[in-house]
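**Student:** Curious how this folds, go ahead:
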Amino acid sequence: RMSAAATSSAAPPPSRAGPAEPEPTDGGLAESGDVGEMALRAAHRTIAKHQADGVNAFHARRFREAHEAFERMRDVARGAGLGKEEGQAHRLIGNTLDKLDAPEKDVEEAYKRALTIAHQQDDMELSFNT
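**Tutor:** Numbers count the residues shown, from 1 in each chain. This is a model prediction of the structure:
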C-alpha cells in the first residue's frame with residue numbers, strides 16, 4: 001500500500017500521459033447517461049428555439065423564414081430521435097407550405113408525415129391538430 005505522500009504527488013511521472021481515470025463502478029453508464037441527458041436537454045432547447053423563431057416569423061407573415069425555422073426544428077428533432085417533436089415540425093411545415101402556395105402534393109406530404117409520426121408515437125394531440 002502506498003503512503004499518503006506517494007499518492008498525493010503533484011505531477012504524474014513523465015512516462016504517463018495524464019492522471020488515470022477512475023474505474024467506473026457501473027460500466028460507464030452513469031457518465032454516458034449524463035452526457036446523453038445533457039444532449040437531450042440541448043436538443044429540446046434548440047428545437048424550442050427553432051419553433052419559437054418559426055412561430056414568430058409565421059405570425060409576422062414571413063413564411064419563407066418560418067419554413068426554414070421549422071425545417072431546422074425537424075432536422076434537430078430527427079437527429080435526436082424525438083419523434084413527437086419531429087411530427088410537430090412536419091405539421092408546422094405543412095401549415096407554412098400552405099401559406100407559401102406550395103404545390104398541394106408538398107403540403108399533403110408534410111401533413112402525411114406528421115400523421116404517420118403521430119400514429120407511431122401514439123400522439124393523439126398531434127393527430128387531432130393535423
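
**Student:** same question for the helix or strand hosting residue 56, mean pLDDT?
**Tutor:** For residue 56, the host element (DSSP states H and E) is helix 29-59. The average pLDDT within helix 29-59 is 87.

**Student:** buried stuff in that helix?
**Tutor:** Buried residues in helix 29-59, counted by 16 or more other CB atoms under 10 Å: 43, 46-47, 50-51, 53-54, 57-58. To be clear about C-beta, it is placed using only N, CA and C from the backbone, and glycine gets the same treatment.

**Student:** Show me what the helix or strand containing residue 64 is packed against.
**Tutor:** Element membership of residue 64, judged by DSSP H and E, is helix 63-80. Judged by 3 or more CB pairs under 8 Å, 6 or more residues apart in numbering; DSSP states H and E, helix 63-80 is in contact with helix 29-59, helix 83-99.

**Student:** Compute the distance between residue 48 and residue 105, please.
**Tutor:** 30 Å (CB to CB, to the nearest Å).

**Student:** check contacts around residue 63.
**Tutor:** 57, 96, 99-100 (CB atoms under 8 Å, 6 or more residues apart in numbering).

**Student:** ok so, going back, turn the buried residues of helix 29-59 into a markdown table, including distance to residue 85.
**Tutor:** Listed next are these as a markdown table, based on distance: CB to CB, whole Å:
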| residue | distance to residue 85 |
| --- | --- |
| 43 | 8 |
| 46 | 10 |
| 47 | 5 |
| 50 | 10 |
| 51 | 8 |
| 53 | 15 |
| 54 | 12 |
| 57 | 18 |
| 58 | 17 |
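
**Student:** about what we covered before: out of the contacts of residue 63, who's the most crowded?
**Tutor:** Using other CB atoms under 10 Å as the neighbour test, the contacts of residue 63 are led by residue 96, with 24 neighbours.

**Student:** quick one: pLDDT of that residue?
**Tutor:** 98.

**Student:** same check, this time on residue 121
**Tutor:** With respect to pLDDT, residue 121 has a value of 88.
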